[in-house]
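> predicted model and sequence follow; I will ask about them next.
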Amino acid sequence: MSFDKVRTRFAPSPTGYMHVGNLRTALYAYLLAKKNNGTFILRIEDTDQERYVEGAVDIIYNTLRKTGLIWDEGPDIGGPVGPYVQSERMGMFKDYALQLVEKGHAYFCFCDKERLTELKEIQQASGIAPKYDGHCRNLTPEEIKEKLDAGVPYVIRQKMPKDGTTTFHDEVFGDITVENSTLDDQILIKTDGMPTYNFANVVDDHTMGITHVIRGNEYLSSAPKYNLLYEAFGWDIPTYVHCSPVMKDSTHKLSKRNGDASFEDLIAKGYLTEAVINYIALLGWAPKGENEIFTLEELCQEFDVSGISKSPAIFDTQKLRAINGAYIRKFSVEEFEEKALPYIRQTCKREDIDTHLLAKMLQPRTELFTDIPEQVDFIDELPDYDIQMYCHKKMKTNLENSKEALEKLLPTLESIDENNWTVDAIHEKCFEVIAQMEVKNGIVLWPLRTAISGKQFTPGGGIDLAEILGKKCTIERIKDGINRLNNAQ
RNA sequence: GGCCCGUUGGUCAAGCGGUUAAGACUCCGCCCUUUCACGGCGGCAUCACGAGUUCGAUUCUCGUACGGGUCACCA
């Protein structure tokens, strides 16, 4: 089957959760396809039954769907080159391997495990790189037939050139050349007749018409062997795009054991899907312009393999948070309120609160929805705060002038009619006090905010908070503040 | 250990022989007639090291150091 369009594939093994690095590979494969109006294919590589994890396939489906990386061909929807589950493709590989044997690029090997193990031990003991010694490379047709007839178990190995070099091109790393003598006669077909991953991968990619192979750079050193295989078959070599890993720190790859590595973990921590996708796109890839905030659709246009970097990238939660914040700010107030409400209600149960107003205040200062409960917990109940909070050097406030401000504020604010308890009214009264005291705004407003919130950081200023809390609550808390200040003296 | 790859601020990174070495996150200052945040402005801070090629190297070559990957009848 031949295709004109770009065809990329994401070929995960169902062995557990979806890691950020995996997801990034899927994303790049998707973007590369979509950028070129091509086809994005999902292939499940489930041939390792020992590592198979129940439910892992669903995680792959769900993650890709949730992130919008919709595949055009795959196990569930089929396509022209199915099946798309590797275990269902097992029949074909041996025939392909036999073709190679005929062409002289592969051979039967009857060495048993004992001999191989012994060989390896000897090689290691003498400091040589472990490598198959070519014992069965030159068996005569008669010898082969004899063993085959006798039912001796065998594998099929790739016959590597003895000398010369092999060069392959990678879009990220450029041309890479290796000595053929360093290449091992790798096994293509195992004793059980099943293909090894390296072989199945090449055959699958070719038979599925994959034009661009995007994968982690742990496969970089296998690429020469793949190239030789493609050449042996006379197949077109796909464009390689090897991506460096996502790291936890400068020496460790991100791993699920560390808690925050999987996509699901990040979502559970409150990050938005779009923000995660945007951020991981940026991890190891740089856009041409200066903008960094892109929707998936925009990424499809913007993406270019030339922007992929060679060196590993360290996952930075701080940057993810910032990007998440940028996405939160993009919501309309209504959207934000809807999403934020459950979080607000975790700690703020008061029914008389204007949550719309609260949401409006919260939105510009929220990076993560899960931060909200802690930000609004003072509304229901005034925390037992330290009175030193009244002292702020920049505001030039201290215990004395704070007390004075609160004492002046108390009757002034009490004079506001309950039904007219609005920002404007409160603002007007507060500034009356400021004018009367002949001080800077902060001298009055800092103590107000402190007294009614008892917190260092709040979702708004004193006047905003007073409006939210309501007259009764505001007055009580100002009285409470005055008491605290009195007791301190 | 052999082979392969990588190395620009704390992090992500632009850069393709001549630049005041972009930008983003973080941090710090200032402004936005109240903190925090948002927004605006400004600032700190980077070419791993040593040779070589060149009039000139972050950029090219070679070494060194450090880091990563790979050397399975796993994928």
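In hand now; what should we look at?

> and the stretch 251-400 of chain A, which of its residues are near RNA strand B?
Taking CB under 7 Å from any atom of the strand as the criterion, the stretch 251-400 of chain A approaches RNA strand B at residues A:251-253, A:282-286, A:290, A:292, A:306-307, A:309-314, A:316, A:318-319, A:321-322, A:325-326, A:329, A:364-365, A:395. (C-beta placed from N, C-alpha, C; glycine too.)

> buried among those residues? Make that a ChimeraX selection.
Command for ChimeraX, covering only those of those found buried under the criterion 16 or more other CB atoms under 10 Å:
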select /A:253,282,283,284,285,312,313,321,325,365,395
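
> which of the residues of the stretch 251-400 of chain A next to RNA strand B fall within strands?
A:Ala313, A:Ile314 (DSSP state E).

> all strands of the stretch 51-200 of chain A, in order?
A:106-109, A:155-158, A:165-170, A:174-179, A:187-189 (DSSP state E, counting those that start in this stretch).

> which one, of those strands, ends up nearest to A:Leu266?
strand A:165-170 (29.4 Å; CB to CB).

> in the closest one, what's buried?
Of the residues in strand A:165-170, A:Thr166, A:Phe168, A:Asp170 count as buried by neighbour count, 16+ other CB under 10 Å.

> RNA strand B: which of those is nearest?
Among these, A:Asp170 lies closest to RNA strand B (CB to the nearest atom of the strand), at 8.5 Å.

> burial count for the residue nearest to the closest one when sequence neighbours are not counted?
Spatial nearest neighbour of A:Asp170, excluding adjacent residues (CB to CB, 6 or more residues apart in numbering): A:Tyr240 at 4.5 Å. Counted with other CB atoms under 10 Å, the burial measure for A:Tyr240 works out to 21 neighbours.

> check which residues of stretch A:435-453 are buried.
So for stretch A:435-453, counting by 16+ other CB under 10 Å, buried means A:439, A:442-453.

> could you dump the strands of the stretch 51-200 of chain A to TSV with mean pLDDT?
Output for those, formatted as TSV (pLDDT from 0 to 100):
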stretch	mean pLDDT
strand A:106-109	97
strand A:155-158	98
strand A:165-170	96
strand A:174-179	94
strand A:187-189	97
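
> what would those look like in JSON lines with distance to RNA strand B?
What follows is the strands of the stretch 51-200 of chain A, written out as JSON lines (distance: least, CB to the nearest atom of the strand, whole Å):
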{"stretch": "strand A:106-109", "distance to RNA strand B": "7"}
{"stretch": "strand A:155-158", "distance to RNA strand B": "5"}
{"stretch": "strand A:165-170", "distance to RNA strand B": "9"}
{"stretch": "strand A:174-179", "distance to RNA strand B": "4"}
{"stretch": "strand A:187-189", "distance to RNA strand B": "4"}
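
> make a markdown table from those and add distance to A:Val333 to it.
Listed next are the strands of the stretch 51-200 of chain A as a markdown table, based on distance: least, CB to CB, whole Å:
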| stretch | distance to A:Val333 |
| --- | --- |
| strand A:106-109 | 66 |
| strand A:155-158 | 62 |
| strand A:165-170 | 48 |
| strand A:174-179 | 50 |
| strand A:187-189 | 61 |
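
> out of those, which is closest to A:Leu413?
strand A:165-170 (69.5 Å).

> now the angle from that closest one to strand A:174-179?
Angle of strand A:165-170 versus strand A:174-179, following axes from the mean of the first three to the mean of the last three CA atoms, to 10 degrees, is 160 degrees.

> ok, back up a step: which one of the strands of the stretch 51-200 of chain A lies closest to A:Asp480?
strand A:165-170 (67.6 Å).

> contacts for the closest one, please.
With contacts defined as CB atoms under 8 Å, 6 or more residues apart in numbering, strand A:165-170 is touched by A:175-180, A:183, A:220, A:223-224, A:226-228, A:237, A:240-242.

> same deal with stretch A:197-208?
With contact meaning CB under 8 Å, 6+ apart, stretch A:197-208 is reached by A:1, A:7, A:9, A:11, A:41, A:43, A:45, A:47, A:81, A:86, A:89, A:92-93, A:96-97, A:158, A:186-189, A:195, A:213, A:222, A:225-226, A:229-230, A:233, A:235, A:238.

> among those, name the ones in helices.
Cross-referencing the contacts of stretch A:197-208 against helices under DSSP state H gives A:Phe93, A:Tyr96, A:Ala97, A:Lys225, A:Tyr226, A:Leu229, A:Tyr230, A:Phe233.

> now chain A against RNA strand B: closest residue?
Closest point on chain A to RNA strand B, by CB to the nearest atom of the strand, is A:Gly461, at 2.2 Å.

> my guess is that residue contacts A:Trp446, does it?
No: using CB atoms under 8 Å, A:Gly461 makes no contact with A:Trp446, being 9.3 Å away.

> quick one: A:Phe294 and A:Ile280 touch, right?
No: using CB under 8 Å, A:Phe294 makes no contact with A:Ile280, being 11.7 Å away.

> neighbour count for these two, which is higher?
A side-by-side neighbour count of A:Phe294 and A:Ile280, using other CB under 10 Å, places A:Ile280 first with 25 against 18.

> and that one, what helix or strand is that in?
helix A:273-282 (DSSP states H and E).
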